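# Output the structure for:
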Amino acid sequence: MFRKQLFIFLLILPLLTQAQNTVTTDTSFVRSNYRKTERTILMRDGVKLYTVIYTPKDTMQSYPILMQRTPYSAGPYGDNNYRRKIGPNVSLMRDKYIFVYQDARGRYKSEGNFREMTPAIVDKKSNKDVDESSDTYDTIEWLLKNTKNNGKAGIYGISFPGYYSSAALPDAHPALKSSFSASAYV
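Predicted coordinates:
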């Protein structure tokens, strides 16, 4: 029995080592190539949404914004705590974008009250009429003014973040050029 377990362990050891090296490499890549900042972005109704921004250290050009809004945590929190990988895949991380993660209203470090599946408000009469589309709009507006971007933004997500990427589309910001959603909620 021990021989069989040892054999199986020796078979998977290279895979475990490779996975660990990939994580280390990716974390190292993110730290070496991106500057992390944490901000609270003021929404039109006065609520502040906690936002983590990874900006390429290479300032020779401007970059598109690629964001994810989530109720699952924009962390890890703290200036020196970086994600292992940023963006929806390693290729985009290496191509360099401004990657943004935002805690949804009332979740983790964001102010406000969390409401599951906030419906779009078609006829907004005042700044108190907010929904996921207006929160995304206000966030993109702030990012356009406060990052070295190329004026284009995208939003993506799977599961609940997928819902947020779809909910960003009514009354979308003109800079929002793409939305990817893979969600059971849509």
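# Which parts of the protein are helices?
Counting by DSSP state H, the chain has helices at residues 2-33, 90-95, 132-146, 160-167.
# comparing those helices, which gets the lowest mean pLDDT score?
Per-stretch mean pLDDT for the helices of the chain is lowest at helix 2-33 (a mean of 58).
# Let me see the contact set for residue 170.
Shown in contact with residue 170 (CB atoms under 8 Å, 6 or more residues apart in numbering): 120, 122, 131, 133. Placement of C-beta: from N, CA and C, glycine included.
# mind running it again at 7 Å?
120, 133 (CB atoms under 7 Å, 6 or more residues apart in numbering).
# what mean pLDDT does stretch 102-117 have?
Stretch 102-117 comes out at a mean pLDDT of 91.
# Could you do stretch 61-72 as well?
On average, stretch 61-72 scores 95.
# And it, how far out from the chain middle?
5 Å (CA atoms, centre = their mean, to the nearest Å).
# Output it as CSV, restricted to C-alpha atoms.
Output in CSV follows, covering the C-alpha atoms of stretch 61-72 (Å, rounded to 0.1, in the frame of the first residue of the first chain):
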residue,chain,number,x,y,z
GLN,A,61,1.6,54.5,-22.9
SER,A,62,-2.0,54.6,-21.7
TYR,A,63,-4.0,51.5,-21.1
PRO,A,64,-7.6,50.3,-21.3
ILE,A,65,-9.5,49.7,-18.0
LEU,A,66,-10.7,46.2,-17.3
MET,A,67,-12.9,46.0,-14.2
GLN,A,68,-14.7,43.5,-12.0
ARG,A,69,-17.3,44.5,-9.4
THR,A,70,-18.0,41.9,-6.8
PRO,A,71,-19.8,41.0,-3.6
TYR,A,72,-17.1,38.4,-2.9
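# Buried residues, that stretch. List them.
Judged by neighbour count using 16 or more other CB atoms under 10 Å, the buried positions of stretch 61-72 are 63-71.
# What is the nearest of the residues you listed to residue 33?
Nearest to residue 33 out of the buried residues of stretch 61-72 is residue 63 (CB to CB; 11.5 Å).
# so how many other residues sit close to the closest residue to residue 48 other than its chain neighbours?
Spatial nearest neighbour of residue 48, chain neighbours left out: residue 40 (3.9 Å); criterion: CB to CB, 6 or more residues apart in numbering. Residues within reach of residue 40, counting by other CB atoms under 10 Å, total 14.
# Let me see the contact set for residue 40.
48-50.
# Please tell me how far it sits from residue 100.
13 Å (CB to CB, to the nearest Å).
# now do residue 45
For residue 45, the distance to residue 100 - CB to CB - is 20 Å.
# out of the two, which sits in the busier spot?
residue 100 (25 against 15).
# What confidence value was assigned to the nearest residue to residue 78 once chain neighbours are set aside?
Leaving aside its sequence neighbours, residue 78 sits nearest to residue 38 (CB to CB, 6+ apart; 7.9 Å). Confidence at residue 38, expressed as pLDDT, is 97.
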